[in-house]
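>>> just a sequence and a predicted model for now, questions to come.
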Amino acid sequence: GAVVSQHPSRVICKSGTSVKIECRSLDFQATTMFWYRQFPKQSLMLMATSNEGSKATYEQGVEKDKFLINHASLTLSTLTVTSAHPEDSSFYICSVMMGMNTEAFFGQGTRLTVV
Amino acid sequence: QKEVEQNSGPLSVPEGAIASLNCTYSDRGSQSFFWYRQYSGKSPELIMFIYSNGDKEDGRFTAQLNKASQYVSLLIRDSQPSDSATYLCAVKAGGSYIPTFGRGTSLIVHP
């Protein structure tokens, strides 16, 4: 399976600042990566699909100007939460899938707390 | 809209018992089915996947799929306290990269 490394695992930031989260596919060249958000006791909600070398595809209701995604290489995708607010506090997880019918491989997740 | 439903629980079972976790889905075109385990504060990890009707066994885990009734279940035999976690069911339509996740069932295995 794919090994996915996500950094940082935890971050606390002040309201109004921006936070960047990195997701690396260590042993698989991923043309597509996926970003999820999970609130407590809730399911994983897909935020966006990150496409290498092109614009990300955002799910309905996700603000693309607030959640900036950059997928500049086959091994790295970044999610930047801009002008963060307390309601953005959540668990953010990236994933890679090696094929259409295969399982998702997840990064370790990033716990974002906005104070 | 594709939906995946799970009882949120918690499901509490004694150590050594069989834990039965259930999941129903709405999209009849679904072809791939996955069970993930998620410990508190951690990201999900794959337990099992199943594509065909029937049972699939892997150690203490058995996945059961019934496409006609649109449900998939996970049985955990000889449950251990270390199995205490939230179990997420995920379903993919044919030809799709993107799974739909259920909310998860919290399992508590008490000594």
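Cool, got the structure.

>>> going by C-alpha atoms from here, please, whenever you check contacts or count neighbours.
Fine.

>>> tally of neighbours for the residue in chain B positioned nearest to chain A?
Nearest residue of chain B to chain A (C-alpha to the nearest C-alpha) works out as B:R103 at 4.0 Å. By other C-alpha atoms under 10 Å in any protein chain shown, 23 other residues sit near B:R103.

>>> who's in contact with it?
By C-alpha atoms under 8 Å, 6 or more residues apart in numbering or on different chains, B:R103 lies in contact with A:41-44, B:4-6, B:8, B:88-89.

>>> give me the pLDDT for it.
Listed pLDDT for B:R103 reads 93.

>>> Three-state assignment for it, please.
coil (DSSP: H, G, I helix; E, B strand; the rest coil).

>>> same deal with A:G99?
coil.

>>> residues from chain B in reach of chain A?
Proximity of chain B to chain A (C-alpha under 8 Å from any C-alpha of the partner chain) is limited to residues B:32, B:34, B:42-46, B:49, B:88, B:92, B:94-97, B:101-104.

>>> all strands of chain A, in order?
Remark: strands assigned in chain A by DSSP state E are A:4-7, A:10-13, A:19-25, A:32-38, A:45-51, A:57-58, A:67-73, A:76-81, A:90-97, A:104-106, A:110-114.

>>> Throw those strands into JSON lines and include distance to chain B, mean pLDDT and mean neighbour count, thanks.
JSON lines is the format used below for the strands of chain A (distance: least, C-alpha to the nearest C-alpha, whole Å; pLDDT from 0 to 100; neighbours: other C-alpha atoms under 10 Å in any protein chain shown):
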{"stretch": "strand A:4-7", "distance to chain B": "11", "mean pLDDT": "96", "mean neighbour count": "19"}
{"stretch": "strand A:10-13", "distance to chain B": "10", "mean pLDDT": "97", "mean neighbour count": "14"}
{"stretch": "strand A:19-25", "distance to chain B": "13", "mean pLDDT": "96", "mean neighbour count": "21"}
{"stretch": "strand A:32-38", "distance to chain B": "9", "mean pLDDT": "94", "mean neighbour count": "22"}
{"stretch": "strand A:45-51", "distance to chain B": "8", "mean pLDDT": "93", "mean neighbour count": "22"}
{"stretch": "strand A:57-58", "distance to chain B": "12", "mean pLDDT": "95", "mean neighbour count": "16"}
{"stretch": "strand A:67-73", "distance to chain B": "17", "mean pLDDT": "91", "mean neighbour count": "19"}
{"stretch": "strand A:76-81", "distance to chain B": "17", "mean pLDDT": "96", "mean neighbour count": "22"}
{"stretch": "strand A:90-97", "distance to chain B": "7", "mean pLDDT": "94", "mean neighbour count": "25"}
{"stretch": "strand A:104-106", "distance to chain B": "7", "mean pLDDT": "91", "mean neighbour count": "25"}
{"stretch": "strand A:110-114", "distance to chain B": "8", "mean pLDDT": "97", "mean neighbour count": "21"}
